[in-house]
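Student: 3D model of this:
(one chain, ligands or ions: 3)
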Amino acid sequence: MIDTNKSQEGQPPLPMQGIPQPTRDEVLKLPRVHISSHPVMAHKMTALRDNNTTPPDFYRLVKEIGALLAYEATENLALDTSTIETPLQATTGYRLAGGIGVTPILRAGLGLAEGFREVISDAQVWHLGLRRDERTLRALEYYNRLPHQIDLQVCYAVDPMLATGGSAIDALNILKRRNIPRLCYVGIIAAPYGLLKLTQAHPDVDIYIAALDESLNDYGYIVPGLGDAGDRQFGTF
Ligand SMILES: O=P(O)(O)OC[C@H]1O[C@H](OP(=O)(O)OP(=O)(O)O)[C@H](O)[C@@H]1O
Ligand SMILES: O=c1cc[nH]c(=O)[nH]1
Ligand SMILES: [Mg+2]
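Tutor: Ligands and ions are numbered 1, 2, ... in the order given. Just a heads-up that it's a prediction; the model follows:
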């Protein structure tokens, strides 16, 4: 366990100060966690993390990584079969069975959802606004456009950063009230702390990420991380 207890006398504690965190090795064995091992992903992640990457390039990279993650996270989708005619003869065709939903957790999830739509163009997009209170690290819901008519085989909650896990856990709690047969979480970078909390809260949910980082700092930011994924996409520093 890493102990981040470095409180300054007389100051209120920072939100993650003194809170024990699991190590990478402790969470690597969790079931249902898929960490990309593709070299193209590692290449794009390096550009994404770089402090010199500008917001337009950062947003483009989030979309590209979103498309790669979508390809990995849709590996088990159910298919319907039918007979189709090629110009030469009849053959068996395969189409995705039932609808696919993508829930971007606003704001930072927007770029990831766009990448998803480049792989599955007719995915429904269910917007959900959650904002992390930086003092308590609790997620606050401020926007919800989830439809009530459900015709999905699976819905993917997408958000680049899994830090304490609070936002992801709340988003999946909200989605579970819609009785969707299967839910997945797709993120770019996870901290071991958030990954463990998410797995404990939602052991039935598959988790796809591009990278597992070292830890959270005292402020609840992922290190080495990439900073604030929302601000870096939208230029609001
Ligand atoms: O795992 P957690 O500790 O909950 O932290 C992760 C959340 O924090 C960030 O959102 P933020 O609140 O900064 O909103 P934004 O997307 O509008 O920038 C991030 O995109 C996640 O939603
Ligand atoms: O490192 C972090 C943690 C939460 N939200 C971010 O955007 N980055
Ligand atoms: Mg943010």
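Student: list the contacts of the closest residue to ligand 1 within the chain.
Tutor: Closest contact between the chain and ligand 1, by Cβ to the nearest ligand atom, is at residue 230 (2.2 Å). Bear in mind the C-beta positions are built from the backbone N, C-alpha and C, glycine included. With contact taken as Cβ atoms under 8 Å, 6 or more residues apart in numbering, residue 230 is in contact with 107, 108, 236.
Student: helix/strand/coil for it?
Tutor: In three-state terms, and counting by DSSP: H, G, I helix; E, B strand; the rest coil, residue 230 is helix.
Student: what's the answer for residue 157, then?
Tutor: Per three-state DSSP, the secondary structure class of residue 157 is strand.
Student: residue 68 contacts residue 38, doesn't it?
Tutor: Yes: contact criterion Cβ atoms under 8 Å: residue 68 and residue 38 qualify, at 6.8 Å.
Student: looking at these two, which is more packed in?
Tutor: Shown here are residue 68 and residue 38; by other Cβ atoms under 10 Å, residue 68 has more neighbours (17 against 13).
Student: residue 225 contacts residue 49, doesn't it?
Tutor: Yes: if you go by Cβ under 8 Å, residue 225 and residue 49 touch, sitting 7.4 Å apart.
Student: by residue count, tell me the biggest helix in the chain.
Tutor: Using DSSP state H to define each element, the chain has its longest helix at helix 55-73.
Student: show me how far stretch 93-113 is from its chain's centre.
Tutor: Relative to its parent chain, stretch 93-113 has a centroid offset of 11 Å by Cα atoms, centre = their mean, to the nearest Å.
Student: next one: the residue of the chain closest to ligand 1 relative to residue 105, how far apart?
Tutor: 10 Å (Cβ to Cβ, to the nearest Å).
Student: after the helix or strand containing residue 186, which helix or strand is next?
Tutor: According to DSSP states H and E, residue 186 maps onto strand 183-190. Where DSSP H and E defines the elements, the next helix or strand beyond strand 183-190 is helix 192-201.
Student: show me what that next one is packed against.
Tutor: Secondary-structure packing of helix 192-201 (3 or more Cβ pairs under 8 Å, 6 or more residues apart in numbering; DSSP states H and E): helix 24-28, strand 161-162, helix 166-176, strand 206-212, strand 215-216.
Student: what packs against the longest one?
Tutor: This points to helix 166-176. Checked by 3+ Cβ pairs under 8 Å, 6+ apart, helix 166-176 has strand 99-106, strand 128-132, strand 139-144, strand 152-158, strand 183-190, helix 192-201 packed alongside it.
Student: one more time with 10 Å, if that's ok
Tutor: strand 99-106, strand 128-132, strand 139-144, strand 152-158, strand 161-162, strand 183-190, helix 192-201 (3 or more Cβ pairs under 10 Å, 6 or more residues apart in numbering; DSSP states H and E).
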